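K.L.:
return a 3D structure for these sequence lines:
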Amino acid sequence: MGSPRRTADYQQLRTDAAARHGLVGLDQLRALGVPSSTTGDWCASGRLSRLAKGVYAVPELVDDRSLAAVCLSRPEAVASHRAAANLWGLDGIEADVVEVTVPRQVQLASGTVHRSDDLAAFDVVEVQGIRCTDPTRTLVELGAVIASDRLERAVESALRRRLTTVSRLQRRISGLARSGRRGPASLRHVLEPRHADAPPTESEVPPLPAGGRSSPACASAPRA
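P.N.:
Residues are numbered from 1 along each chain as shown. Have a look, this model is predicted:
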């Protein structure tokens, strides 16, 4: 491993990676003062694995079937639907679902795969080192894969945490709605009974046994 300092650096890096699906960014390496030569040594010894430019993984912390592994295996893959809702910590979503959206021409065998030609750049952000749909797009798509009562819970939790707004959701519904597309229609149905300025419900107690994770600490803020 090298000097005691580098051993301590690696252990800290490993701790940080455990909270990010086993992923390590170049910014983390630089923050620890790890030189590129040491990073190269760790890759050569198998302690780190280079996945993409500026992105590494601690191999034993990344399951080949995990969301991180699927998304990083194909740069076009974006965590979406239940996987994105779980990353955002929304209520009513089962944990550890590997669900992604890719362009129609991309072939991907792992996880639940959705295909889309209208995923805009502003729909995609990064949470915990993983590219995923922003809260608004996530909620628009969720109605296609979960029941309306659970969708309502997810919506209320997103509004409560100010991850999106009713008016933003309504605008995105209008932009994405089309015949045969269940997600926008389901979300419109959930939003119809509530006024745009109605306050979100209080935090629900208790949550689903397999509910979403806690609020992401390193997510990009939703656009205004």
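K.L.:
tell me where the chain has strands.
P.N.:
Using DSSP state E, the strands of the chain run over 23-25, 49-52, 55-57, 78-79, 99-102, 112-115, 124-127, 130-133.
K.L.:
looking at the last one now, give me its mean pLDDT.
P.N.:
What strand 130-133 shows for mean pLDDT is 90.
K.L.:
helices or strands up against that strand?
P.N.:
Applying 3 or more C-beta pairs under 8 Å, 6 or more residues apart in numbering; DSSP states H and E, we find strand 130-133 packed against helix 67-73, strand 78-79, helix 81-87, strand 124-127. Bear in mind the C-beta positions are built from the backbone N, C-alpha and C, glycine included.
K.L.:
mean pLDDT lowest for which of those?
P.N.:
helix 67-73 has the lowest average pLDDT among the helices and strands packed on strand 130-133, namely a mean of 71.
K.L.:
what about Leu191, neighbour count?
P.N.:
18 (other C-beta atoms under 10 Å).
K.L.:
ugh, typo on my part, it should be Ser186
P.N.:
23.
K.L.:
need the contact list for it.
P.N.:
With contacts defined as C-beta atoms under 8 Å, 6 or more residues apart in numbering, Ser186 is in contact with 142-144, 148, 151.
K.L.:
can you give me the pLDDT of it?
P.N.:
pLDDT at Ser186 comes out at 96.
K.L.:
again with the one 10 residues further on
P.N.:
Among the per-residue scores, Ala196 holds a pLDDT of 61.
K.L.:
just name the most buried of the strands of the chain.
P.N.:
With neighbours taken as mean count of other C-beta atoms under 10 Å, the strands of the chain reach their highest mean count in strand 78-79, at a mean of 27.
K.L.:
what comes into contact with that strand?
P.N.:
Contacts of strand 78-79 (C-beta under 8 Å, 6+ apart): 67, 71, 84, 87, 99-102, 119, 124, 127, 130-133.
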